[in-house]
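Novice: Quick one, fold the following:
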Amino acid sequence: MLATILIVDDERHTRDGLRSALEDEFDVYVASDKREALAVLDTEPIDVVVTDLRLGADNGMEIVDECLRQARPPIVIMMTAYGSVDTAVEAMKRGAWHFVTKPLNIDELEIIIKRALQTRKLQNENVALVRQVEEKYALDRILGKSEVMKQVYETIEQVAPAKATVLIGGESGTGKELAAHAIHNLSGRPKAKLVIVHCAALSPQLLESELFGHEKGAFTGATEKRIGRFETAHGGTLFLDEIGEIDSSTQVKLLRALGERTIERVGGHAPIKIDVRLIAATNRDLRELVAEGKFREDLYFRLNVVHLTMPPLRDRKSDIPLLAAAFIKELSKDNGKQVNDLSPEALQLLLDHSWPGNVRELRAAIEHGVVMCNGNRITPRHLPASLKGDVFTSAGPRLLGAPAAPEDLDLAKMEARLIKRALEITDDNRTEAAKLLGLSRRTLQRKLLEMKGGAGTGD
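Specialist: Numbers count the residues shown, from 1 in each chain. This is a model prediction of the structure:
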């Protein structure tokens, strides 16, 4: 099936000329004003709209607005004989995908339309990815289809209905708290409370009181009785994050609570029965802490009945497109944006990054991209500088997508190819390309003039 193009222009010879030039490759519709354009949009599934800025009494910017209101918004390319930077910026802010000036270069316009259609394909693929995430590759709010994540899902589904204590390990940002939520939600206690305590955030005395509660007058400042988190979680689940940070005194009390299923409030003496499913998490190796005498071995065995390890993002990079698609959908809605997808170059930057902050860092990077994006597609220029730095601080041959051969190790040729690659990644934005390369814009301009004068690109 041919892609559908709508040409909107109040000049008949322009409409007819564009239809004649494009109809061999596309299914072309034409309209002379906003009313005719809306009639086509209401009845035909248009992929790309090419509209003039001046449409008699109408304004092409209104066409952009109307396109964005469609259930399936087409990509808009603005054309005008009144081109200016301000007009281009305004069109892009309103949601136009590209901006061309008259008189048109038909070959150039065809290339732009094909790039737009590739963007449409990527958008559709991302919609499919989000659907896959929601329907197949998600457990509660944990996303992924990699083999390591399938193992995580299997463990969670197996352990959730039981009452056994679970110890979740993994680096910071891997989703340990999400795993705890999933275990609780898939258990037989989904309507009961899930109570969360971040152990490292509290001093030993405050943590003890937080967990077990205290009686009035138990210590200075205890002016009234306090119910602890164990009692609050009665009948539900208690999640202790960063369990490796608790002090020895609290470890003893926690061991007793797990063994006897009773607690005593600080300053109290009456045992209180508890019915609590305990889940603990740590980004530290508790076995090492046991060997160092910093964590009780008997408590470790009590906690480690079932062990679940959340893998780092660097070990599940095949999940990055799924995660990115889901985050774009979520964060676009949160920030009032209409961002749909990532450009191929932006996705490659995500795949190349080492992700020391794991999924949490990826989510922050996508949010940065959504906030900085004025159109509907995140490109490298919208992503944090730390990601772009990964690419341009690596070896030149790796940047260029192939291993280095001896004949490639010509410094001038490699520099020219890197400059070309930077311009491709930033859609020919010289300011952004200069930033990626660590150059001033003036220096980049000089090097481009030198290349044009005969240095070549090395291709």
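Novice: what secondary structure does I196 sit in?
Specialist: Here I196 is strand, with the state taken from DSSP: H, G, I helix; E, B strand; the rest coil.
Novice: That one - how many residues pack around it?
Specialist: I196: 18 surrounding residues under other Cβ atoms under 10 Å. (Glycine included, C-beta is placed from N, CA and C.)
Novice: what's near enough to touch it?
Specialist: Residues in contact with I196 (Cβ atoms under 8 Å, 6 or more residues apart in numbering) are E177, A180, F239, D241.
Novice: any idea which helix or strand carries the first one?
Specialist: Spelled out, that is E177. In this assignment (DSSP states H and E), E177 forms part of helix 176-185.
Novice: I'd like to know which elements the strand or helix carrying R442 is packed against.
Specialist: R442 is part of helix 441-450 when elements are defined by DSSP H and E. Contact here means 3 or more Cβ pairs under 8 Å, 6 or more residues apart in numbering; DSSP states H and E; on that basis helix 441-450 packs against helix 411-425, helix 430-437.
Novice: residues of the longest one that come out buried?
Specialist: Judged by neighbour count using 16 or more other Cβ atoms under 10 Å, the buried positions of helix 411-425 are K413, M414, E415, A416, R417, L418, I419, K420, R421, A422, L423, I425.
Novice: Throw these into CSV and include pLDDT, thanks.
Specialist: Converted to CSV, the buried residues of helix 411-425 look like this (pLDDT from 0 to 100):
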residue, pLDDT
K413, 72
M414, 72
E415, 76
A416, 81
R417, 79
L418, 80
I419, 84
K420, 83
R421, 78
A422, 78
L423, 82
I425, 73
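Novice: Of those, just say which sits nearest to L38.
Specialist: I425 (36.8 Å; Cβ to Cβ).
Novice: what number of residues lie near T155?
Specialist: Per other Cβ under 10 Å, the neighbour tally for T155 reads 18.
Novice: Quick one: residues contacting it.
Specialist: Contacts for T155 (Cβ under 8 Å, 6+ apart) come out as V306, L308.
Novice: next one: phi and psi at it?
Specialist: The phi and psi values for T155, taken as degrees, to the nearest 10, are phi -60, psi -50.
Novice: Tell me how far it lies from L289.
Specialist: Using Cβ to Cβ, to the nearest Å, T155 is found at 23 Å from L289.
Novice: and what of T43?
Specialist: 68 Å.
Novice: repeat for T220
Specialist: T220 is 31 Å from L289, by Cβ to Cβ.
Novice: got it, and Q70?
Specialist: Separation of Q70 from L289 (Cβ to Cβ): 58 Å.
Novice: So for the two, which residue has more residues nearby?
Specialist: Each of Q70 and L289 has its neighbours counted (other Cβ under 10 Å); L289 has more, 17 against 14.
Novice: chain center to the helix or strand that one falls within, what's the gap?
Specialist: In this structure, L289 sits in helix 286-291 according to DSSP H and E. Offset of helix 286-291 from its chain centre (Cα atoms, centre = their mean, to the nearest Å): 35 Å.
Novice: Go through the helix or strand following it and flag the buried ones.
Specialist: Using DSSP H and E, the next helix or strand after helix 286-291 towards the C-terminus is helix 297-303. Buried residues in helix 297-303, counted by 16+ other Cβ under 10 Å: L299, Y300, R302, L303.
Novice: Which pair of those residues spans the longest distance?
Specialist: Using Cβ to Cβ for every pair in the buried residues of helix 297-303, the one that comes out farthest apart is Y300 and R302, at 7.2 Å.
Novice: re earlier: among the contacts of I196, which two are most distant?
Specialist: Once Cβ to Cβ is applied, these give A180 and D241 as the farthest pair, at 7.9 Å.
Novice: Looking at the two, which one has more neighbours?
Specialist: A180 (25 against 20).
Novice: mind checking how far the more buried one is from L186?
Specialist: 11 Å.
Novice: what do you get for I196?
Specialist: 17 Å.
Novice: Give the burial count for D428, as a bare number.
Specialist: D428: 10 neighbours (other Cβ under 10 Å).
Novice: Mind checking what secondary structure it has?
Specialist: Look at D428: counting by three-state DSSP, its state is coil.
Novice: Show me what the helix holding R442 is in contact with.
Specialist: E415, I419, R430, T431, A433, A434, L437, L439.
Novice: Same question for stretch 234-245.
Specialist: 167, 176-177, 180, 183-184, 187, 189, 192-200, 229-230, 246, 274-284, 286, 289, 295, 303.
Novice: What's the per-residue pLDDT of the nearest residue to A365 once chain neighbours are set aside here?
Specialist: With Cβ to Cβ, 6 or more residues apart in numbering as the measure, P384 is the residue that lies nearest to A365, at 5.4 Å, once sequence neighbours are left out. Listed pLDDT for P384 reads 90.
Novice: Can you report how many residues neighbour P384?
Specialist: Counted with other Cβ under 10 Å, P384 comes out at 17.
Novice: Ramachandran coordinates for it?
Specialist: Main-chain torsions, P384, degrees, to the nearest 10: phi -60, psi 150.
Novice: pretty sure it contacts R363?
Specialist: No: with contacts counted by Cβ atoms under 8 Å, P384 stays clear of R363, the gap being 11.9 Å.
Novice: buried set for the helix holding R442?
Specialist: L444, K447, L448.
Novice: what does stretch 310-329 give?
Specialist: Across stretch 310-329, burial judged by 16+ other Cβ under 10 Å covers 310-313, 316, 319-329.
Novice: mean confidence score for it?
Specialist: 94.
Novice: repeat for stretch 335-342
Specialist: Stretch 335-342 shows a mean pLDDT of 91.
Novice: that older thread, next, format the buried residues of helix 411-425 as CSV and append distance to S209.
Specialist: Below are the buried residues of helix 411-425 laid out as CSV (distance: Cβ to Cβ, whole Å):
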residue, distance to S209
K413, 68
M414, 63
E415, 63
A416, 66
R417, 63
L418, 59
I419, 62
K420, 63
R421, 58
A422, 56
L423, 60
I425, 54
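Novice: out of those, which one sits closest to L18?
Specialist: Taking Cβ to Cβ as the measure, L18 lies nearest L423 of those, at 28.5 Å.
Novice: I'd guessed that closest one sits against A433; true?
Specialist: Yes: the criterion here is Cβ under 8 Å, and L423 meets it with A433 at 5.0 Å.
Novice: nearest spatial neighbour of E157, skipping sequence neighbours?
Specialist: In space, E157 is closest to L186, 6.6 Å off (Cβ to Cβ, 6+ apart).
Novice: roughly how far apart are the one you found and T237?
Specialist: Here L186 is placed at a distance of 11 Å from T237 (Cβ to Cβ).
Novice: And the helices and strands packed on helix 441-450: which comes nearest I142?
Specialist: Taking those one by one with Cβ to Cβ, helix 411-425 is closest: 31.4 Å.
Novice: what's the angle between the closest one and helix 430-437?
Specialist: 120 degrees (axes from the mean of the first three to the mean of the last three Cα atoms, to 10 degrees).
Novice: by contact count, what packs against helix 411-425?
Specialist: Packed next to helix 411-425, using 3+ Cβ pairs under 8 Å, 6+ apart, are helix 344-352, helix 385-392, helix 396-399, helix 430-437, helix 441-450.
Novice: Many thanks, I have nothing further to ask.
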